[in-house]
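Novice: using only what follows, build the 3D model:
(one chain, ligands or ions: 2)
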Amino acid sequence: MTRCVWCGQPIRQTVTLSGLWRFGQQRTETVCERCLTRFQRVTADHCPRCGRQQTDRRCCYDCQRWGANSLTNHAVYQYDAAFKAYMQQYKFQGDYALREVLQQELVRALHQEDYDLLVPIPIDAATWQTRGFNQVTGWLTDQPYFQALTVRASHKDQPQSAKTRAERLMTQQPFRLVENAPALLANQRVLLLDDVYTTGRTLRHAAAEIILGGAKAVTSLTLAR
Ligand SMILES: [Zn+2]
Ligand SMILES: [Zn+2]
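Specialist: Ligands and ions are numbered 1, 2, ... in the order given. The predicted structure is shown next:
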């Protein structure tokens, strides 16, 4: 019997024709129905630039403040208590099995994006040491991606989550391109992938480097906003 990777409850496997059609063979579910519905999707009423859930489709105040430094971000879920609890267990407590909770959802979201090359936001060396995995690439299954960016060695102050908004906005460029990046980025439409869009600063830093590397366009996708 399979148990849900998140809540530990037994999962009843059901064979469906659509499942057989899509995957060639029936895939084994690892997350229960109840856990899959804990998150709240971003509905059609969201900011067209950052994906923030709203009651209308106008550009939000934060995006207006970014002015010309625009980046189009799509978000799958609202960053609410459930998503926060999930990230706490997956990312901060390092429960790697929880990557499976969002893998199928990410496949669906990626299918709706228009891009040539997928570039995940990297983690720094200290995080590799303590957590042992990149929470963003953990969600990818067999989708091709290119780790075009690394975190600069000098960028080792406190984590983003421990900073105030003002501190986060002042942060210097934390990323640099890997050596072979320009050869692979040239003329490509790049989709950046990150876990949560908070201020948008991290993604804009990443987008600036990607453009320097020769990409012709950059957009981003996050699991939450
Ligand atoms: Zn569950
Ligand atoms: Zn916005």
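Novice: now do the contacts for L223.
Specialist: 75-77, 83, 102, 105-106, 139, 194-196 (Cβ atoms under 8 Å, 6 or more residues apart in numbering). Every residue, glycine included, has its C-beta placed from N, CA and C.
Novice: now the helices: where do they sit in the chain?
Specialist: Assigned by DSSP state H, the chain shows helices spanning 17-23, 33-36, 61-66, 81-87, 100-111, 125-130, 165-170, 181-185, 201-212.
Novice: mind checking if the fourth one is in reach of ligand 1?
Specialist: No - contact between helix 81-87 and ligand 1, assessed by Cβ under 5 Å from the ion, is absent, since the two come no nearer than 11.2 Å.
Novice: nearest to ligand 2, of the helices of the chain?
Specialist: Ranking the helices of the chain by proximity to ligand 2 (Cβ to the ion) places helix 61-66 first, at 3.3 Å.
Novice: how about that closest one as PDB, C-alpha atoms only?
Specialist: Extracted in PDB, the C-alpha atoms of helix 61-66 (Å, rounded to 0.1, in the frame of the first residue of the first chain):
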ATOM      1  CA  TYR A  61       0.900  48.400  -6.900                       C
ATOM      2  CA  ASP A  62       4.200  46.600  -6.500                       C
ATOM      3  CA  CYS A  63       4.500  46.100 -10.300                       C
ATOM      4  CA  GLN A  64       3.700  49.800 -10.900                       C
ATOM      5  CA  ARG A  65       6.600  50.600  -8.600                       C
ATOM      6  CA  TRP A  66       9.000  48.500 -10.700                       C
END
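Novice: how does this structure divide into domains?
Specialist: Domains of the chain are assigned by automatic domain parsing as 1-37, 46-156+164-224.
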